[in-house]
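>>> what's the 3D shape of this:
(one chain, ligands or ions: 1)
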Amino acid sequence: MESKEKVILTGDRPTGRLHIGHYVGSLRRRVELQNSGEYDEIFIMIADAQALTDNFDNPEKVRQNIIEVALDYLSVGINPERTHIFVQSAVPELTELSFYYMNLVTVQRLQRNPTVKTELEMRNFEGGTPTGFFCYPISQAADITLFKATTVPVGEDQKPMLELTNEIVRRFNHIYGDTLVEPQILLPDNAACMRLPGTDGKAKMSKSLGNCIYLSDSAKELKKKVNSMFTDPQHLTIESPGHLEGNTVFTYLDAFCTDDDFAQFLPEYKNLDELKAHYTRGGLGDGTCKKFLLNVLNSRFEPIRERRAQWEQRIPEVYEILRKGTEAARERGQRTLDEVRRAMQINYFEDKELIAEQAKRFATKQ
Ligand code: TRP
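Presented below is the predicted three-dimensional model:
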């Protein structure tokens, strides 16, 4: 389908507060894209229905975290005047579209999805895989295509979802005629941002591992977490040469710091390359690096913390933002769904030709 519009759709599951891995992996980018003025419409979805596919027995968790995620969005600078923030379950058009897409995807295709595979291993559902969970990649294709999104800024783990989405779009358009738009994934541009490790150096920052720095952490919590970060276990004295590989402090610096931060907080070095060189050579202590990282993180997150504190005093207004965003999402969604139903020829009551044709067919029978 020819579409000149540039549309962003992305979202998060409301299963916890968002952490700084979400920030470098996607949130920071979303705010930049929003402020670039290059997009005709931007939708950010709180994926509660998807969260329920593996938290169906704990709806309270999802319910509590919708507001947390909304506050995180607003505090990083998502502006509800420019971006529609909406709640997935309140857009029934998504469910309808998912149901039609289920015909276009085989069970075998879903079984090959590497993200779902990993998640299944992690979740270890007793008594088997819930069908809703198994099918969530299809529902994610509906999330994206209902808005005819052209751009989906997400982390690398979402790649298989985007691939499936594009397959569904091609299949749909081939069978029913050009209707849907193929989206493009927009990944973070550096490896550290792609998958920020936990403060303990483990590959994934995750709530269950207790190795997260949350956007909503206080300055005190942040300091404690940075000071206890994993570095190089072989770097026992300041003089000994340090290693960068797997050194979380340096990975975080890769993700966060700029040359300006050196000018401001550590003018002895021009840039991160110089700092790294000194560390590898020996003679640079972890304490100095951690202190610098803390300064960098505070300068990024202090304004975010302040904005969050303000929004926390305006909770009813935040729900109102979600309600309005959801209305806008439904309106946009209904337009696509009308087209989908027409393309699939299931718009029986609006199809004057069909009614006339059937009338004629039965009339000539007599
Ligand atoms: N699966 C995403 C996550 O776990 C959330 C999500 C649901 C999403 N629907 C989406 C992301 C559509 C991008 C586009 O974070």
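
>>> Quick check: chain neighbours aside, which residue is closest to the residue of the stretch 251-366 of the chain found nearest the ligand?
Closest to the ligand within the stretch 251-366 of the chain is Ala329: 12.2 Å, counting by CB to the nearest ligand atom. C-betas here are computed from N, CA, C, even on glycine. Residue nearest to Ala329 in three dimensions, not counting chain neighbours: Phe86, with 4.0 Å by CB to CB, 6 or more residues apart in numbering.

>>> which residues touch the one you found?
Phe86 is in contact with 43-46, 322, 325-326, 328-329, counting by CB atoms under 8 Å, 6 or more residues apart in numbering.

>>> pretty sure it is in a strand, no?
Yes - counting by DSSP: H, G, I helix; E, B strand; the rest coil, Phe86 is located in a strand.

>>> Please identify the residues of the stretch 151-300 of the chain in proximity to the ligand?
For the stretch 151-300 of the chain, the residues found near the ligand under the criterion CB under 6 Å from any ligand atom are 152, 154, 158.

>>> neighbours of the first one, just the number please.
Spelled out, it's Val152. If you count neighbours by other CB atoms under 10 Å, Val152 ends up with 23.

>>> if I pick it, what's in contact with it?
With CB under 8 Å, 6+ apart, Val152 has these contacts: 8-10, 144, 158, 162, 183-186.

>>> Can you flag which of those residues belong to helices?
With helices defined by DSSP state H, the entries of these inside them are 144, 162.

>>> Give me the ChimeraX select line for the contacts of Val152, limited to the buried ones.
Written as a ChimeraX command, the selection of buried residues from the contacts of Val152, which uses 16 or more other CB atoms under 10 Å, is:
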select :8,9,10,144,158,162,183,185,186
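
>>> In a markdown table: the contacts of Val152, plus distance to Arg170 and pLDDT.
Listed next are the contacts of Val152 as a markdown table, based on distance: CB to CB, whole Å; pLDDT from 0 to 100:
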| residue | distance to Arg170 | pLDDT |
| --- | --- | --- |
| Ile8 | 21 | 98 |
| Leu9 | 18 | 98 |
| Thr10 | 21 | 97 |
| Ile144 | 14 | 98 |
| Gln158 | 19 | 93 |
| Leu162 | 13 | 98 |
| Pro183 | 12 | 98 |
| Gln184 | 14 | 97 |
| Ile185 | 16 | 96 |
| Leu186 | 20 | 95 |
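
>>> Of the contacts of Val152, just say which sits nearest to the ligand.
Among the contacts of Val152, Thr10 lies closest to the ligand (CB to the nearest ligand atom), at 4.4 Å.

>>> hang on, the earlier thing: would you say the residue of the stretch 251-366 of the chain closest to the ligand is within a helix?
Yes - using three-state DSSP, the secondary structure at Ala329 is a helix.

>>> my guess is it meets Phe147, correct?
Yes - counting by CB atoms under 8 Å, Ala329 does reach Phe147; the two are 7.3 Å apart.

>>> Now do the shared contacts for the two.
Contact criterion CB under 8 Å, 6+ apart; residues shared by Ala329 and Phe147: Phe43.
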